[in-house]
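K.L.:
what's the 3D shape of this:
(one chain, ligands or ions: 12)
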Amino acid sequence: MERTSEAPHSGGSPWKELLITASILSCWIQPMSAQGAAVTVVPSLSYGTVGGSIILDIQGFSGEVLSYSWYRKSVDNSNLIAAYSVSSGVQTPADIREKIFSNGSLLIPDLTLNDSDVYYAQIVNSGGLIAATARGQFTVYGPPPKPTIISTNMAPVENKDNVSLTCQAESQNITYLWFINQNPPAGDRMVLSPDNKTLTIINVTREDQGPYVCEIQNPVSVNRSDPFTLNITYGPDPPMILPTDPHYPVGATLELSCSAVSNPPAQYTWLINGTQMVSTTQNVSIPNVSLNYTGTYTCNASNSVTGLSSTTDISITISETPAKPNISANSTNILENGTLAITCSPENEGMNILWFFNNQPLSLSERMNTSEDNQTLTIKSVKREDAGSYQCEVWNLIGANRSDPLTLTVSYGPEHIMFVPNPENGEIEVKFKDPLNLMCQVGSYPPALYEWQVNGTVNSNFSSNTYVIKSVSWEDSGNYTCLAKNNVTNLSISRDITVKVVAEKSTGGGNGSSLSGGAIAGIVIGVLAGVALIGALIYFLFFRKTGGASEHHLTEHKSSAPNHSRTFSDSSPKGTDEVPYTTVNFNAQKPPAKAQSPPPTETVYSEIKKK
Ligand SMILES: *[C@@H]1O[C@H](CO)[C@@H](O)[C@H](O)[C@H]1NC(C)=O
Ligand SMILES: *[C@@H]1O[C@H](CO)[C@@H](O)[C@H](O)[C@H]1NC(C)=O
Ligand SMILES: *[C@@H]1O[C@H](CO)[C@@H](O)[C@H](O)[C@H]1NC(C)=O
Ligand SMILES: *[C@@H]1O[C@H](CO)[C@@H](O)[C@H](O)[C@H]1NC(C)=O
Ligand SMILES: *[C@@H]1O[C@H](CO)[C@@H](O)[C@H](O)[C@H]1NC(C)=O
Ligand SMILES: *[C@@H]1O[C@H](CO)[C@@H](O)[C@H](O)[C@H]1NC(C)=O
Ligand SMILES: *[C@@H]1O[C@H](CO)[C@@H](O)[C@H](O)[C@H]1NC(C)=O
Ligand SMILES: *[C@@H]1O[C@H](CO)[C@@H](O)[C@H](O)[C@H]1NC(C)=O
Ligand SMILES: *[C@@H]1O[C@H](CO)[C@@H](O)[C@H](O)[C@H]1NC(C)=O
Ligand SMILES: *[C@@H]1O[C@H](CO)[C@@H](O)[C@H](O)[C@H]1NC(C)=O
Ligand SMILES: *[C@@H]1O[C@H](CO)[C@@H](O)[C@H](O)[C@H]1NC(C)=O
Ligand SMILES: *[C@@H]1O[C@H](CO)[C@@H](O)[C@H](O)[C@H]1NC(C)=O
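P.N.:
Ligands and ions are numbered 1, 2, ... in the order given. Presented below is the predicted three-dimensional model:
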């Protein structure tokens, strides 16, 4: 490669070296010299380069030479390049590019592609005879021009067609190299021709589009084609329908869009329940849909080039927007233990029904059940806790709507009658001129109506649950009856209490169980004090014999502690009047230590009852 046009003057390369550098492209006829050796034309380089030079040497001839003649293509006068006379050292013609040296070698400088050819040398010996004709050839290379890729199919179909790409190059003696996305071809489906000039892609896929580049290389240089992209036709793939939400309310605009991966782009048609729609566009828009637009919508995508088509279905449901349902009951004010039916009446068909109680989803008790369509809620043996606000809600996939609340009242009672205060023995003592406050309590809905009787006679002045006398007189003693009536259930209940007007209030019933340890100690002391008092009384009655002295005198000592409390117990059994008993009442707020030695102002009551 290092040869230049100066080569002819470098002189004397050894025979062996020339032999090694002989081109395989050179071929030669092997005329025998006079001595019987083969005479050949050997290029000094394996190939010529555009602009470079080359020397064609004659090898294998020995003997006297008169002249050398060089021909191109054939030994024919018309193809004579030049002749050289050894004796005169003159080349004829002399004014040409080529030069014949004295040893017969031919120098061709300023090589062009056209110089690639077969050359002949003819040697005339001293006898004037043609001693030998030798032949040799060489090729001149320039930088290869850019190759182009030619495809056998401009629109191959995916999974069906094979495509052959040929690298077209205006050049000889080149090798080919292919690149797909900058990578060499790989895989079973990429098949190269033996000369690498043609790349065949078997059964193309959409991933095979390239770009493809072919590179050519000759001994001088490389050049690459422009990237070539395959237009592979494929699809349509199964289309996708958007939006995927399948529920629409009546009156809505149904808008569906279909898209399928396809090359060239797919053509779309739509079917509703198998019937072709007028519109054949990718998107459908149906305004103001009615219920009968419920159904299966099919998008069909087709590709006229691949001849394939693909479909996808979507099930669309058109439903009415739930309107507010009506709620009703055969009674909104029901007697306890009665049976009630609450009915929900939806305005639309096909609604689901949910029941609500006091704004919470109703949990059905064992006394409740609903009809199969859930429209009727039946409550058997209604309880007072069933009173409240009832609503029904209708819902479908579009939405929900709740009824107005229906308020249910449950009438019951009267029951659990009780006086406040509630003396154990059914008797209450009121001191003369003290106020009397009786209150009667019952459980009832609606609230009970009250009637009071004294000694069996109705006192129409009192019609609430309280009976009040500001200042009792002796005649106010008696048997008081509270009668409670419910004018809805028509039930009534009554209870009696005995009111005793006393000069000095004695204690009412007491109950040891509610007393503290200190109080018990007090009672013990009280009993002892009582015994002492009784002793004193006996003394007065029997030994002093002071007539007219009464219990009243004794009890006329007024207590300095008006807040003496009385303790009653609801749990104690009735009929205590059968047993003689003693109650002692004292200021419960006093510590027991003080109770042990009450000050003189403190009065201790003691009562013995016997019947
Ligand atoms: C003939 O002479 C030229 C110029 O001197 C030289 O370059 C060439 O190598 C010679 N050829 C042989 C076969 O000696
Ligand atoms: C490739 O060939 C084009 C002409 O076909 C030429 O312009 C370009 O220089 C060449 N490139 C190389 C690297 O030889
Ligand atoms: C082409 O490939 C597809 C799947 O990739 C296969 O079903 C089909 O049979 C192949 N065709 C040929 C001719 O190999
Ligand atoms: C593609 O090439 C494969 C393998 O050479 C061959 O079997 C098949 O028939 C070819 N297909 C077509 C459509 O030419
Ligand atoms: C074809 O290319 C491969 C590499 O892709 C190479 O190994 C092989 O020698 C080439 N064949 C010819 C004839 O150039
Ligand atoms: C929608 O359709 C209903 C009948 O299906 C019709 O009564 C109503 O007027 C329509 N509304 C509009 C806005 O077109
Ligand atoms: C629904 O009914 C209307 C009129 O009743 C009709 O015009 C329309 O084509 C129907 N739509 C479908 C999808 O059947
Ligand atoms: C419930 O229904 C009434 C008509 O019955 C309607 O005006 C209202 O908008 C609906 N509410 C909802 C949340 O759909
Ligand atoms: C309400 O209807 C239910 C079932 O029909 C019936 O059993 C019940 O007696 C009715 N209740 C009233 C208060 O009418
Ligand atoms: C309901 O039944 C209970 C128990 O049987 C009874 O106590 C109550 O008085 C009844 N209620 C009415 C309003 O009849
Ligand atoms: C109730 O009867 C008693 C005796 O039976 C009597 O002392 C009392 O005054 C009567 N009370 C009234 C308010 O009539
Ligand atoms: C029950 O009594 C109340 C209060 O007196 C009255 O307003 C209501 O109308 C009565 N109801 C019936 C059903 O008699």
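K.L.:
and the next helix or strand past the lowest-mean-pLDDT helix or strand in the chain?
P.N.:
Within the chain, no helix or strand scores below helix 15-20, which has a mean of 34 by mean pLDDT, DSSP states H and E. Sequence order places strand 40-43 as the next helix or strand after helix 15-20, per DSSP states H and E.
K.L.:
and that following strand, is it in reach of ligand 1?
P.N.:
No - between strand 40-43 and ligand 1, judged by CB under 6 Å from any ligand atom, nothing touches; the nearest distance is 8.1 Å. For every residue, glycine as well, the C-beta is placed using N, CA and C.
K.L.:
please apply the same query to stretch 47-54.
P.N.:
No - Stretch 47-54 stays out of contact with ligand 1 when judged by CB under 6 Å from any ligand atom, the minimum separation being 11.0 Å.
K.L.:
are that stretch and ligand 2 in contact anywhere?
P.N.:
No - Stretch 47-54 lies out of reach of ligand 2 by CB under 6 Å from any ligand atom, never closer than 11.9 Å.
K.L.:
restrict that stretch to CA atoms and write it as PDB.
P.N.:
C-alpha atoms of stretch 47-54 as PDB (Å, rounded to 0.1, in the frame of the first residue of the first chain):
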ATOM      1  CA  TYR A  47      -4.900  -3.200  -6.500                       C
ATOM      2  CA  GLY A  48      -4.700   0.300  -7.800                       C
ATOM      3  CA  THR A  49      -6.100   3.300  -6.000                       C
ATOM      4  CA  VAL A  50      -7.800   6.200  -7.800                       C
ATOM      5  CA  GLY A  51      -5.100   8.900  -8.200                       C
ATOM      6  CA  GLY A  52      -2.300   6.500  -7.300                       C
ATOM      7  CA  SER A  53       0.100   4.600  -9.600                       C
ATOM      8  CA  ILE A  54       1.000   1.000 -10.200                       C
END
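K.L.:
and that stretch, which residues are buried?
P.N.:
Going by neighbour count (16 or more other CB atoms under 10 Å), the buried part of stretch 47-54 is 47, 48, 49, 52, 53, 54.
K.L.:
with stretch 281-296 instead?
P.N.:
Quick answer for stretch 281-296 (16+ other CB under 10 Å): 282, 284, 286, 289, 293, 294, 295.
K.L.:
check contacts around the fifth one.
P.N.:
The reference is to residue 293. Going by CB atoms under 8 Å, 6 or more residues apart in numbering, residue 293 touches 248, 254, 272, 286, 316, 318.
K.L.:
so in that sheet, which strands flank the longest strand seen in the chain, and in what orientation?
P.N.:
Determined from DSSP state E, the single longest strand within the chain is strand 406-420. Next to strand 406-420 in the sheet, as set by DSSP bridges, lie strand 333-335 (parallel), strand 388-395 (antiparallel), strand 436-445 (antiparallel).
K.L.:
so which residues of the stretch 51-200 of the chain form strands?
P.N.:
54-59, 65-72, 80-85, 90-92, 99-100, 106-108, 117-125, 130-138, 140-141, 148-151, 163-168, 175-180, 190-192, 198-201 (DSSP state E, counting those that start in this stretch).
K.L.:
include mean pLDDT when you put the ones you listed into CSV, please.
P.N.:
CSV is the format used below for the strands of the stretch 51-200 of the chain (pLDDT from 0 to 100):
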stretch, mean pLDDT
strand 54-59, 92
strand 65-72, 92
strand 80-85, 92
strand 90-92, 89
strand 99-100, 92
strand 106-108, 92
strand 117-125, 92
strand 130-138, 90
strand 140-141, 88
strand 148-151, 92
strand 163-168, 92
strand 175-180, 93
strand 190-192, 91
strand 198-201, 92
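K.L.:
same list, those, but as CSV with distance to ligand 11 please.
P.N.:
Formatted as CSV, the strands of the stretch 51-200 of the chain follow (distance: least, CB to the nearest ligand atom, whole Å):
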stretch, distance to ligand 11
strand 54-59, 158
strand 65-72, 164
strand 80-85, 168
strand 90-92, 174
strand 99-100, 168
strand 106-108, 161
strand 117-125, 159
strand 130-138, 157
strand 140-141, 148
strand 148-151, 127
strand 163-168, 124
strand 175-180, 121
strand 190-192, 124
strand 198-201, 122
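K.L.:
alright, calling it a day.
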